[in-house]
Structures are given as structure tokens and as C-alpha cells.
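> Got a predicted structure plus its sequence, pasted below:
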Amino acid sequence: MGLSTFHSWRAVLRAACCALAAWPGCAPGEEDWTQHLLVVANQRVPESVELAHYYMERRSIATNRVLLVDGPQKAEITRQEYDETLRKPVERHLQSRGWLERDSVGATLRNDCWLLVLCWGLPLRIAPDPALKEPVAERLPPLLRRNEAAVDSELAALPMHNPLATGPLNNSFFRMQLFPASSRRVMLVARLDGPNAAVARALVDRAIAVEATGLVGRGYFDCRGTKEPGYLPADQRLRAACQAARRAGIECVLDENEAVFPAAFPMTEVGLYAGWYSRELAGAIARPEFRFRPGAVTYHVHSYSAVSLAAGWVGPCLARGAAAGVGNVTEPYLGLVLDPQIFFERLLAGKNFAESAYAATPAVSWQQTVVGDPLYRPFPFTADEQVERMEATQHPQRAWAFLRKANLMIADGKEPEAIRFLTDKNAALRSPILDEKLGDLYRQFRLWEPAVAAYQRAATAYTDPYDVIRVSTSLMAALHEMKRPADALGVLDGLIRKYTAYEGRAALVEEAIRLAGQVGDGRKLDYYTRLITEAGTAKEAGEKKK
């Protein structure tokens, strides 16, 4: 991410802003967003039009809330194409409907349509235009004298009065708790998009399905462990986002290593993901069989995470089952990217996807694209409400709601109550998710035998190899703490023999060699040593073949 030490971005945004009229009014109460949006589709692309109507049907949106534009069928368009095929048609439509009103000089008096939903088949990026000269832009630092942008972010500036095309513009909704009338000088813009039309359509279904019970799963937050002053704030925001998820009861994993979660990492049941800093999908998420939990929300900080929705991070994550993601079409600079702490705090508080993303975004008319159903609310219920709803229907995933409630008890320092709650719920459910958590809690209180029993039940009940590997690692740690290295070796031996294709098998074998030597098991020591030798020979042969 370029310009990592760009600390003066707020001043630059103020300089980039055009003069805006003062907006009257306070934040309204909860409003029906379906009455304040416009769905935009490309009439040249049948799948785009079909998706628009499908979305409107699923979300019960009035039939007059759609606009079909005659847009280019390509990801990147010129500034002129953007103006002629998107900006002007959208503005004319809003004004003709009376949803956007300007005064005689063009300043916005009223904006009753504050959300645009762009459908698959519309352009993603606006190309740089070297011929476009805006004298006011000369006041900007040289690095910000750029006029390329994400289509979404450029449309977000539509209600402004003669906004600059060059450089970023201040997002008046940034950090706000609500979306009051005074903030509607920006337009919230999101897209139903992805690597193909089927994925774009699936975003709608995933969002609506999850809203019935609320999102479940684990949160994974991938820091870099950096000490560099220019990069440190990004790590701090990711840590804060993880803490926000934990406060909401989400079971979370925080990684502090430079690399992304490696392929061998037992990363499963991912409901929330945020990390940095890889251009392409990498590590555990890039495993061919990896899938997010339905409805998952993802965010990876990289300058080109959404330069294409067929590559990078955003599109491939959606293809792997996520429902929403935020990325950049080109270099935004680190000081101007979405703040993951604010983003996840808003989502966890029950806000919708678009509202959460734009509350966390410092600038518009810049490089960010927001992909997913903008009305999607992953967390529409409190933990207690979620438990009640999922218990009432005997939902097959209700163990996650129990886990969330138990985590809130733990956050309040009520671990014994959490143990009793989980034990009671698990008496009939027999969920490996709850057994694994009980094992963690028993181990925390040095109750070794119950911890081992809980981990063993979980390892037997899990079906995903990475779940088995993760809980078996905890089981081995408990056995080590009980001074039972031979039993720990037995668990490790089972993993090595069963999961021969596991990416981290070599590391398991090396640990097994150490343990076999410690307990004096010569037979197993010979077996593991032979595995290491065979693996080295195979690797050497593969390299020669290349």
C-alpha cells in the first residue's frame, strides 16, 4: 500500500472538498431503506436486468425503484463514458422522480434517494483521463492529482455540487452512528457483483437466508505484527476490530505474523474475516476446498484487492461462499482505506452492510468498491434473541448461538456460569463446537481430565479435517500439561497417518520425532524419520522434474 506515512489525509480531504450547503435536520428514526434506493442495471446485459428484478422481488422493492441504463459491457470505462451512461442518466432519473432536488445553481436541497444498488454487468472502474484538467486540483499533493476511481465511489459523490473528479472527497458520513439528512450529501453505493452472474445472484440469497437467524461462525483477523510507524495503524485497527467481535460474543482468532494465515492453518467456519497484505487470494483461504460460512463478511487491505472481481481478493472470496466484501480497484493509500474497526462495530451493532461500509470510509470519489447486498444485516439480533430464535426452530446451527452467549458470559468474568450453560445445552445437542469450547474452559482452570474428555469428544465428532487437527492440537497441549507425552504422541501419530495430504504434515512429523525421542519409542522414531527422508526425496525429484 503506497504512501504508508500519509498522515495529513484529513487536511487533504478538506482541501479537496467543494463548498457544500448546510443541510438541515436531525437523524430520523429507523426508516424503510427500500423506499430510498434505486436499483441500476445494464439493459444491454440480460443477466443484469434479471438480477435487478430478482433483487427487487426478494427485498419487496417497489417496481418504480429501478433504472435501466445503456452502459458499456466492460469493467473499465472512460470518464466520458461514465458521465454519459451512468452519472447523467442516474441524476436525471432521480430529479425526474423528485427524489433529488437542486437549487438554481446546482446545490442539493434535498436527497430522498440515498442508496444505489448496481447490478452485475455494470462497469467497475473509471480509467484515468490525462486530458482532464481541474485548476483547483493543483492545490492537492502531487500523489493525489489522479482522476481514476471506482464507479461506486464516484457515484457516491453524485449529490455534491460540482464535485472535483481529481483526488478524494470528504465522506460526510464517516464515523457517524446514524445516517442523518445532514449526511446525505453522499450517496451510499454498493453492487451485486462477482466473478459471474450466478455469484452475484447468490449474494442476495445468502444475505436473506442469514438474516432469519443472524450470522454464525468464527472471526479471523490477520495482522502483520509490524512495528513500522506508517503501517502500525492498520494493525491496530485490525486488532480493535477483533476486540469488537469478541465483545459481541464471536469466537475469534487473531494472528500477529507477517504472512497471511498459512495454508496449513486450521481455519474453518469463517463468518468474519479481515486481514492484509496480499494482492491475490493466499494461505488458508486459497485452499481449493476452502469455503466461507454462508453470509460471511470479508475485508482484505490491499491496493488492488478488487481491480477485477475475477481475481484479487473480493471476487474469489465471494466465489467461496462469502456474501459481502469491500476492496479497492487501484491504489487508495493506506490513510484512505476503510477502517475495519468501525466497519465491524457497525455490523455487529445491527447496521446494514452499506451503512457500515460507508461509516468506516474516509473518502468518496476514490478507489473503493462495496460488493454485496447493501441491505444485508448480518447481526439483526442480540445474542439472547439469536438463542431464542434458533432454539425455537431447533436450528441445526444453534450451537453457534450458544457459543456466542457463553462468550459474552466469559467476557463478563462469568466463566463458571458459561461452563454450566454450555454443559446444559450440550447434554442433548452433543456438538463438537460446544465440546471444544468446554475443553478450552476446563483447560483454563487446569481441570485436565474434563478438558481431555471434551477435546476427545470434539475430535471424534468433527468431520472437517482442519477442525479435527485444530482440536487435536488443543488436546495434545492439555496432555503435555498433564505430563503425558506418550498419549500426546498417540494423538499426533493418528493425525500423521490419517491426513497424509495435510499441508502442515511435515511440521507434525518433526514434532513427532521429538516426542518419540523423548518417550523412547524407537519404532515410531524410525517411522517418522523415514517419512521425513521420503518427503525430502520426493521434493528433490519434483524440483528436478521442473
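Good, I have the coordinates. Treat the numbers as computed from the prediction; the structure is a model and nothing was measured.
> low-scoring pLDDT stretches of the chain, where are they?
1-30, 182-183, 535-546 (pLDDT under 70).
> Got the domain ranges for it?
9-372, 381-482, 484-546 (automatic domain parsing).
> Doesn't residue 109 belong to a strand?
Yes - counting by DSSP: H, G, I helix; E, B strand; the rest coil, one finds residue 109 located in a strand.
> Could you measure from it over to residue 364?
20 Å (CB to CB, to the nearest Å). Where you see a C-beta, it was placed from the backbone N, CA and C, and this is true even at glycine.
> just residue 353 next, same as before
Counting by CB to CB, the gap from residue 353 to residue 364 is 17 Å.
> the more surrounded of those two?
residue 364 (31 against 28; other CB atoms under 10 Å).
> Just to check, the more buried one is in contact with residue 156?
Yes - with contact defined as CB atoms under 8 Å, residue 364 reaches residue 156; the gap is 3.9 Å.
> any residues in contact with both of the two?
171, 186 (CB atoms under 8 Å, 6 or more residues apart in numbering).
> tell me the SS of residue 284?
helix.
> Double-check it against residue 290; I have them as touching.
Yes - the pair residue 284 and residue 290 qualifies as a contact (CB under 8 Å) at a distance of 6.5 Å.
> Comparing these two, which residue is more hemmed in?
residue 284 (21 against 18).
> Enumerate every residue touching the more buried one.
Taking CB under 8 Å, 6+ apart, one finds 260, 261, 262, 263, 264, 265, 267, 290 in contact with residue 284.
> Quick check: chain neighbours aside, which residue is closest to it?
Excluding the flanking residues, the one nearest residue 284 by CB to CB, 6 or more residues apart in numbering is residue 267, at 3.9 Å.
> Equivalent analysis for residue 456, please.
residue 475 (6.5 Å).
> Count the neighbours of residue 176 for me.
There are 17 residues near residue 176, going by other CB under 10 Å.
> Confirm that it sits in a strand.
No - checked against three-state DSSP, residue 176 lies outside a strand; its state is coil.
> pretty sure it is in contact with residue 361, am I right?
No - counting by CB under 8 Å, residue 176 does not reach residue 361; the two are 11.3 Å apart.
> phi, psi of residue 42?
As for residue 42, its main-chain torsions (degrees, to the nearest 10) stand at phi -100, psi 110.
> I meant to write residue 252 there.
phi -130, psi 150.
> Next: residue 39.
phi -90, psi 130.
> From residue 270, how far out is the residue nearest the centre of the chain?
Against the mean C-alpha coordinate of the chain, by CA atoms, centre = their mean, the closest residue is residue 298 at 1.3 Å. Separation of residue 298 from residue 270 (CB to CB) stands at 8 Å.
> can you check residue 77 too?
Applying CB to CB to residue 77 and residue 270 gives a distance of 34 Å.
> between those two, which one's more packed in?
Set side by side, residue 77 and residue 270 show more neighbours around residue 270, with 25 against 21, by other CB under 10 Å.
> Can you tell me the closest non-neighbouring residue to the more buried one?
residue 292 (5.0 Å).
> same check, this time on residue 519
Here the residue nearest residue 519, using CB to CB, 6+ apart, is residue 486, at 4.8 Å.
> Identify, out of the domains of the chain, the most deeply packed stretch.
Mean neighbour count (mean count of other CB atoms under 10 Å) peaks for domain 9-372 among the domains of the chain, with a mean of 20.
> name the element residue 406 belongs to?
helix 398-411 (DSSP states H and E).
> List of residues touching the helix or strand that that helix is followed by?
For helix 398-411, the following helix or strand on the C-terminal side (DSSP H and E) is helix 415-429. Outside helix 415-429, the residues within contact range by CB under 8 Å, 6+ apart are 398-399, 402-403, 405-407, 409-410, 434-435, 437-438, 441-442, 444-445.
> Wait, a helix at residue 41?
No - assigned with three-state DSSP, residue 41 falls outside any helix and is strand.
> Tell me who's in contact with it.
48, 49, 51, 52, 66, 67, 68, 69, 119, 121, 122.
> Help me confirm that the fourth one comes into contact with residue 39.
Think residue 52. Yes - counting by CB under 8 Å, residue 39 is a contact partner of residue 52 at 4.9 Å.
> what touches both of the two?
With CB under 8 Å, 6+ apart as the test, residue 52 and residue 39 both reach 66, 119.
> Surely residue 219 is in a helix?
No - using three-state DSSP, the assignment for residue 219 is strand, not a helix.
> The chain should start at 53 in everything you say after this.
Sure, I'll start numbering at 53, so the last one becomes residue 271.
> what pairs with it across the strands?
Taking DSSP bridges, one obtains residue 304, residue 324 as the residues bridged to residue 271.
> how much space between residue 329 and residue 550?
For residue 329, the distance to residue 550 - CB to CB - is 34 Å.
> just to revisit the earlier point, find out how far the helix or strand containing the residue nearest to residue 571 is from the centre of the chain, if you would.
Using DSSP H and E, residue 538 sits in helix 537-550. Computed by CA atoms, centre = their mean, to the nearest Å, the chain-centroid distance of helix 537-550 equals 35 Å.
> And stretch 248-256, by the same measure?
With CA atoms, centre = their mean, you get 17 Å for stretch 248-256.
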